[in-house]
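Q: my questions concern the predicted model and sequence given below.
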Amino acid sequence: GQSLEQPSEVTAVEGAIVQINCTYQTSGFYGLSWYQQHDGGAPTFLSYNALDGLEETGRFSSFLSRSDSYGYLLLQELQMKDSASYFCAVRDRAGGGNKLTFGTGTQLKVEL
Amino acid sequence: NAGVTQTPKFRILKIGQSMTLQCTQDMNHNYMYWYRQDPGMGLKLIYYSVGAGITDKGEVPNGYNVSRSTTEDFPLRLELAAPSQTSVYFCASSFPPWVATSTDTQYFGPGTRLTVL
């Protein structure tokens, strides 16, 4: 089956850079996604990597190494509004590639 | 576009009662999903559907049923509610993954907060 590991909590100061790691075990990996969820809100899509390398979207970047079964989300120029939970999710051959399996999430706290 | 809408927003059930959580999307997505999220935890897939008339179990299907008679609607039925079903329920939708190969976006509804007492 699939399993994903990410840190439960990360704290950083406003304006800093923070990296949230995700390691996974799957069979037949297709891609790694990242979602953001503010308290009480719905998850929203941030980024997706199917191939090795870095994907950049504004202040957020996501990296994937398929050979290491590892990815990370990089948040730059942190703002207070970035305080939220961040989930990595994998799509793999399970269920015919039709579903995502989510990690347990990393709660990011941005302090002044 | 309203995106993914869910009703109700909140609900309190007594043990043994039944209810249906409604989910509708107006993005013409083939794929729809139901997740539950317990406090401080990730999303666990309950059921999903790849098109009208087709549903399949996810990770935690026990105690739930679904149907998909139209592309737009994907209701989740709870029969004989139990305290263990107290959770936040999210519905999501997406295009098939092979359609959007450069991204893998699921669009989530605002959630239904269910308490079973």
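A: Cool, the structure landed.
Q: quickly list what A:Gly53 is bridged to.
A: Beta-bridge partners for A:Gly53, by DSSP bridges, are A:Leu64.
Q: my guess is A:Leu51 contacts A:Leu64. True?
A: Yes. A:Leu51 lies in contact with A:Leu64 (Cβ atoms under 8 Å); the separation is 7.0 Å. Backbone N, C-alpha and C define where each C-beta goes, glycine included.
Q: low-confidence ranges in the chain?
A: No chain specified, so I'll use chain A. A:1 (pLDDT under 70).
Q: looking at chain B here, not the other one
A: Low-confidence segments of chain B (pLDDT under 70): B:98-102.
Q: tell me the contacts of the residue nearest the centre of it?
A: In chain B, the residue lying closest to the centroid (Cα atoms, centre = their mean) is B:Trp34, at 2.4 Å. Counting by Cβ atoms under 8 Å, 6 or more residues apart in numbering or on different chains, B:Trp34 makes contact with B:21, B:23, B:45-48, B:58, B:64, B:66, B:74, B:76, B:89-92.
Q: run the last query once more with 10 Å
A: B:6, B:21, B:23, B:44-49, B:55, B:58, B:60-61, B:64, B:66, B:74-76, B:89-92, B:109 (Cβ atoms under 10 Å, 6 or more residues apart in numbering or on different chains).
Q: please enumerate the shared neighbours of A:Leu51 and A:Leu64.
A: With Cβ under 10 Å, 6+ apart as the test, A:Leu51 and A:Leu64 both reach A:Gly31.
Q: tell me which of those two has more neighbours.
A: Neighbours were tallied for A:Leu51 and for A:Leu64 using other Cβ atoms under 10 Å in any protein chain shown; the higher tally belongs to A:Leu64 (23 against 8).
Q: quick check: the gap between the more buried one and A:Ala89.
A: For A:Leu64, the distance to A:Ala89 (Cβ to Cβ, to the nearest Å) stands at 13 Å.
Q: B:Ser18 too?
A: As judged by Cβ to Cβ, B:Ser18 and A:Ala89 stand 31 Å apart.
Q: higher neighbour count, the two?
A: A:Ala89 (25 against 11).
Q: surely the more buried one touches A:Trp34?
A: Yes. If you go by Cβ atoms under 10 Å, A:Ala89 and A:Trp34 touch, sitting 7.5 Å apart.
Q: so what sits against both of the two?
A: Taking Cβ under 10 Å, 6+ apart as the contact rule, A:Ala89 and A:Trp34 both touch A:22, A:43, A:45, A:48, A:103.
Q: show me which of these neighbour chain B.
A: By Cβ under 10 Å from any Cβ of the partner chain, the members of the shared contacts of A:Ala89 and A:Trp34 lying near chain B are A:43, A:45, A:48, A:103.
Q: list the contacts of the first one.
A: Under the criterion of Cβ under 10 Å, 6+ apart, the neighbours of A:Pro43 are A:34-37, A:84-87, A:89, A:102, A:105, B:35, B:37, B:42-43, B:90, B:92, B:106-108, B:111.
Q: make JSON lines out of the shared contacts of A:Ala89 and A:Trp34 and add distance to B:Pro96 and secondary structure.
A: Shown next, in JSON lines, are the shared contacts of A:Ala89 and A:Trp34 (distance: Cβ to Cβ, whole Å; DSSP: H, G, I helix; E, B strand; the rest coil):
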{"residue": "A:Cys22", "distance to B:Pro96": "24", "secondary structure": "strand"}
{"residue": "A:Pro43", "distance to B:Pro96": "20", "secondary structure": "coil"}
{"residue": "A:Phe45", "distance to B:Pro96": "16", "secondary structure": "strand"}
{"residue": "A:Tyr48", "distance to B:Pro96": "15", "secondary structure": "strand"}
{"residue": "A:Gly103", "distance to B:Pro96": "23", "secondary structure": "coil"}
